[in-house]
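Asks: fold the following and give me the result.
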Amino acid sequence: MAHKQGQIKIAKSYVSALFSAVTTKKDSDAIVKDMNDIDAMIAGSTDLQNFIQSPLLSVADHKAGLEKLAKKAKLSDAVTNMMMVMADNRRLSLLPVVASEVRNFINQQSGTISVTITTAHKLTAADLKKIANDLKGALGQDVTTQAFIDETLIGGVVIQAGSTLIDGSVKAKLNQLERELTRKTA
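Replies: Residues are numbered from 1 along each chain as shown. Okay, here's the model as predicted:
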């Protein structure tokens, strides 16, 4: 899912702090693994989604739950400490955004660009691979893709590669046509 710019900016500050103390590739790999695990746990559990998003729980309740989660999932100290700071700042709801930004950070370090592909209907594996290959050729970099479905697009595709957004959706074209028609009649 596409994240809002404000959320991304905040998430990047957590990612920067998280990697600022990393001294070895092993530590970096542990952070990436932990954040991917956390992201998968959140995506697979409505209880965990509700837990990180609940404004009704106190900071102490959030921290107690995070301690149990960190212990059970055997999370690194760096990731656990970051989540505790996020709880202190009442920003746990941004954990999925932070996980996404960790992947983007690692990709950027390795020269790979992260691309988000949003369509109205599910893409086949072959379609996704073709789009990834076409983007690799156009961008001149390796790409990792994440595919999302947004039925409001009606058709077409929206591609976000870094700060570049290509909106080839039917919805965008209809909106543009509507603006042009209202401009001509005004």
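
Asks: flag the shaky bits of the protein, pLDDT-wise.
Replies: 1-3, 186 (pLDDT under 70).

Asks: longest helix anywhere in it?
Replies: Counting residues, the longest helix found in the chain (DSSP state H) is helix 25-44.

Asks: now do the helix or strand just after it: which elements does it pack against?
Replies: Later in the chain than helix 25-44, the nearest helix or strand by DSSP states H and E is helix 46-53. Identification of packing neighbours for helix 46-53 by 3 or more C-beta pairs under 8 Å, 6 or more residues apart in numbering; DSSP states H and E yields helix 25-44, helix 59-73. Glycine gets a C-beta too; all of them are placed from N, C-alpha and C.

Asks: among those, which is nearest L139?
Replies: Checking the helices and strands packed on helix 46-53 against L139 by C-beta to C-beta gives helix 25-44 as the closest, at 22.4 Å.

Asks: how about that closest one: buried residues?
Replies: S28, A30, I31, V32, D34, M35, I38, D39, I42 (16 or more other C-beta atoms under 10 Å).

Asks: quick check: angle from the longest helix of the chain to helix 46-53?
Replies: 110 degrees (axes from the mean of the first three to the mean of the last three C-alpha atoms, to 10 degrees).

Asks: which residues sit against helix 25-44?
Replies: Outside helix 25-44, the residues that touch it by C-beta atoms under 8 Å, 6 or more residues apart in numbering are 18-19, 22, 48-49, 52, 69, 73, 75-76, 78-79, 83, 95-96, 98-100, 102-103, 106.

Asks: that one vs helix 59-73, what angle?
Replies: Helix 25-44 runs at 110 degrees relative to helix 59-73, counting by the same axes, to 10 degrees.

Asks: give me the element the most centrally placed residue in the chain is part of.
Replies: Centroid-nearest residue in the chain: S100, 3.3 Å away (criterion: C-alpha atoms, centre = their mean). Using DSSP H and E, the element containing S100 is helix 95-109.

Asks: now do D127
Replies: Counting by DSSP H and E, D127 is part of helix 125-139.

Asks: just to revisit the earlier point, just the buried residues of the contacts of helix 25-44.
Replies: Among these, those buried by neighbour count (16+ other C-beta under 10 Å) are 18-19, 48-49, 52, 69, 75-76, 78-79, 83, 95-96, 98-100, 102-103, 106.

Asks: stretch 110-121: which residues count as buried?
Replies: Of all the residues in stretch 110-121, those buried under the rule 16+ other C-beta under 10 Å are T112, I113, S114, V115, T116, I117, T118, T119, A120.

Asks: which elements pack onto whatever helix or strand the third one lives in?
Replies: What it means is S114. Using DSSP H and E, S114 maps to strand 112-119. With contacts defined as 3+ C-beta pairs under 8 Å, 6+ apart, the packing partners of strand 112-119 are helix 95-109, helix 125-139, strand 142-149, strand 157-161.

Asks: that concludes my questions; thank you for your assistance.
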